[in-house]
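Colleague: please work out how this folds:
(one chain, ligands or ions: 2)
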Amino acid sequence: MKNGRVIKVSGPLVEAEGMEEASVFDVVRVSNERLIGEIIEMRGDIASIQVYEETAGIGPGDPVYLTGAPLSVELGPGLLEMMFDGIQRPLESIRAAAGDFLTRGVEIPSLDRKRKWHFTPTVAVGDQVSRGDIIGIVQETPVIIHKIMVPQGVSGTVTFIEEGEFTVSDDICILDGCKPIQMLQKWPVRKIRGYERKLNPTEPLLTGQRVIDTFFPVAKGGTAAIPGPFGSGKTVVQHQLAKWADAEIVVYVGCGERGNEMTDVLKEFPEIIDPATGHSLMKRTVLIANTSNMPVAAREASIYTGITIAEYYRDMGYSVALMADSTSRWAEALREMSGRLEEMPGDEGFPAYLSSRIAEFYERAGKVICYGKDKREGALTIIGAVSPPGGDFSEPVTQATLRIVKVFWGLDYALSYARHFPAVNWLNSYSLYQSKMDQWMDTYVDPRFSEYRKQAMRLLQDEGKLQEIARLVGRDSLTESDQLKLECAKSIREDFLQQNAFHDEDTFCSYEKQFKLLKIILEFYYHGTAALKSGVYLEEIERLPVREKIARAKFIPDDQMETFDKIGEEIVSSISGLIDKVGVRNA
Ligand code: ADP
Ligand code: MG
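Modeller: Numbering: from 1, shown residues only. Ligands and ions are numbered 1, 2, ... in the order given. Prediction:
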């Protein structure tokens, strides 16, 4: 192909002429340093190229090499446990090759070409296969079996397939009349990977975070956004989900946030043992790290690279969760590029296509029937953090996100300031999966789960109104039963909603424990209310020592669930003791 020539450089945006053979979204290599860029606009023979590497020193006259291919990722065994940059370069190998600083134009394959994998065929010579059919498996990590699928657009009768040790680029299977199949496949990142059909999500993604699982659940295959001001706990929540969510595969995209956060992840994740498998969390995790010192354009690539890898594992029939922290940094990159292209700005300078880009991203989530004869089901859940400047949720990125996602966990500055974590505001957050998830919880956790959840939410809502009245006329002028209500709402906030991510026991809470914990808090309220009616004084109820036990119940280990029942019994016996005393008093 004919080369182009740089005519203008403006930060990450390069304009080149003589590009008539190229098309939008093709990858090009800029200058003799071969910087990686992607064409984002074509006008005649002039291409606007966003460059994913630092453009200092590049100038007019430098050559632009066409590749004729769109920005693609490599898919195959060896993705798990890896940490890639936004354009899927393995960070460790780059460091090894170039020292601590990313040098430009480094060409390192995303997947190791030398490593051999043990491939076990699951089809035989003579079998008829087509797109999405699984032809063999590789034990990628001790916990994940990598399924090798027939690439899209390929079908035929197997004429050769063999068990053995192969690299990702070795031929492992031949179909009649087709090119040989390798384990390695490439996929253009901006193109959604297809599936047979979409299903309605029915099952919650267990996160072990009480405010999420009990009050604002996200479904497997669903979408959630977590907006919040700086320091309100977005990253901590995203890390918690990456660690504890019951997804089989986790793809974590660190997009433009502070660099040391990704270092934390790198240090922490390998050390955490997944209780479900007994192995390190990294055995099922792929990290994409695009720290704030990398050029802005790479942020966009990191989002697409992450989602494509996530779709690929979904296609194998896995439940995959993708976390992106933060999608605002990506949106800001879009704004910057759009500004440099001198496009007509929309709201607050963001391009007019902001909403559609965000929507296209979240639409890649879903529970689906994958391609392939076995009609396997896969799910891809997307959870995006949003960082609105000043915590103002009316800004364009938050608004565009809320129009598309089904779950909203709104983080609140006041709550985080008061050190109430996770700082999810229970009065304005919501989950549109709630009624579906209620059915699941009532079936598989406890038939009263959704009932308790609703009662607890009612107490929290009433608390808001009562506090208002108390502010005006003083707490003492509330009835005793309203005062007890306030006490119990406080208990829901402090003993249930607050959850310390850094406490060994509290960091994860099973569904069963969430239910039992909420149950004792509500039982105390009901028995207390009944006692007030029988003439017991509020003070007496408030002084009961069992309250201390309720407050500490979240730290009860999972193998001591019977302790909850004992607390339940103590609530009943100690309150009936108070009622008996009233009888004595009145006699
Ligand atoms: P953001 O990403 O929104 O800027 P972070 O996630 O970095 O905020 O959180 C800021 C700080 O808040 C954390 O360093 C931690 O001290 C505290 N924090 C947030 N969530 C929790 C939590 N669930 N438990 C304990 N501390 C938390
Ligand atoms: Mg953060």
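
Colleague: domains for the chain, by residue range?
Modeller: 4-70, 112-183, 197-432, 449-586 (automatic domain parsing).

Colleague: tell me which of those sits nearest to residue 88.
Modeller: domain 197-432 (5.1 Å; CB to CB). Glycine gets a C-beta too; all of them are placed from N, C-alpha and C.

Colleague: hmm, the closest one touching ligand 1?
Modeller: Yes: counting by CB under 6 Å from any ligand atom, ligand 1 has neighbours in domain 197-432: 228, 230-236, 421-422.

Colleague: can you pick the most crowded of the residues you listed?
Modeller: Greatest neighbour count in the residues of domain 197-432 next to ligand 1, by other CB atoms under 10 Å, goes to residue 228: 29 neighbours.

Colleague: quick one: that one and residue 507, what's the gap?
Modeller: As judged by CB to CB, to the nearest Å, residue 228 and residue 507 stand 20 Å apart.

Colleague: same question for residue 171.
Modeller: Counting by CB to CB - residue 171 and residue 507 are separated by 46 Å.

Colleague: what's the answer for residue 196, then?
Modeller: Distance from residue 196 to residue 507, by CB to CB: 38 Å.

Colleague: contacts only, for residue 344.
Modeller: Counting by CB atoms under 8 Å, 6 or more residues apart in numbering, residue 344 makes contact with residue 352.

Colleague: check what pLDDT it gets.
Modeller: Listed pLDDT for residue 344 reads 91.

Colleague: the chain should start at 73 in everything you say after this.
Modeller: Okay, residue one is now 73; in that scheme the one you just asked about reads as residue 416.

Colleague: using CSV, write out every CA atom in stretch 419-439.
Modeller: Output in CSV follows, covering the C-alpha atoms of stretch 419-439 (Å, rounded to 0.1, in the frame of the first residue of the first chain):
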residue,chain,number,x,y,z
ASP,A,419,-23.1,19.8,25.8
GLU,A,420,-20.1,21.2,27.8
GLY,A,421,-17.8,20.6,24.8
PHE,A,422,-18.4,16.9,24.6
PRO,A,423,-19.0,15.7,21.0
ALA,A,424,-22.6,15.1,19.9
TYR,A,425,-21.9,11.4,19.5
LEU,A,426,-21.0,11.0,23.2
SER,A,427,-24.3,9.4,24.1
SER,A,428,-24.2,7.0,21.3
ARG,A,429,-20.6,5.9,22.0
ILE,A,430,-21.5,5.3,25.7
ALA,A,431,-24.7,3.4,24.7
GLU,A,432,-22.8,1.2,22.2
PHE,A,433,-20.4,0.3,25.0
TYR,A,434,-23.0,-0.7,27.5
GLU,A,435,-25.1,-2.5,24.8
ARG,A,436,-22.3,-5.0,24.5
ALA,A,437,-23.4,-6.4,28.0
GLY,A,438,-26.0,-9.1,28.1
LYS,A,439,-26.9,-12.6,28.9
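
Colleague: list the buried residues for that stretch?
Modeller: Residues 422-423, 426-427, 429-430, 433-434, 436-439 are the ones in stretch 419-439 that count as buried (16 or more other CB atoms under 10 Å).

Colleague: three-state assignment of the spatially closest residue to residue 213 that is not a sequence neighbour?
Modeller: Distance criterion CB to CB, 6 or more residues apart in numbering; nearest residue to residue 213, sequence neighbours excluded, is residue 355 at 4.0 Å. Here residue 355 is recorded as helix under DSSP: H, G, I helix; E, B strand; the rest coil.

Colleague: residue 355: neighbour count?
Modeller: 18.

Colleague: and for residue 155?
Modeller: So residue 155, with other CB under 10 Å, has 19 neighbours.

Colleague: the nearest residue to it once chain neighbours are set aside and residue 262: what is the separation?
Modeller: Nearest non-adjacent residue to residue 155, counting by CB to CB, 6+ apart: residue 359, 4.3 Å away. Separation of residue 359 from residue 262 (CB to CB): 21 Å.

Colleague: residue 530 too?
Modeller: 46 Å.

Colleague: which one of residue 359 and residue 262 is surrounded by more residues?
Modeller: residue 359 (21 against 16).

Colleague: next one, pLDDT for the more buried one please.
Modeller: So, for residue 359, pLDDT stands at 93.

Colleague: need the contact partners of the helix or strand harbouring it.
Modeller: Residue 359 is part of strand 357-362 when elements are defined by DSSP states H and E. If you take CB under 8 Å, 6+ apart as the criterion, strand 357-362 is touched by 151-158, 160, 163, 314, 321-328, 334, 337-338, 341, 370-371, 373-374, 377-378, 381.

Colleague: give me the sheet partners of it and which way each runs.
Modeller: Neighbouring strands of strand 357-362 in its sheet, by DSSP bridges, are strand 155-156 (parallel), strand 321-327 (parallel).

Colleague: from the chain's centroid, how far away is that strand?
Modeller: Centre-to-centre, strand 357-362 and its host chain are 12 Å apart (CA atoms, centre = their mean, to the nearest Å).

Colleague: in the stretch 373-522 of the chain, which residue sits nearest ligand 2?
Modeller: In the stretch 373-522 of the chain, the residue found nearest to ligand 2 is residue 397; the distance is 6.0 Å by CB to the ion.
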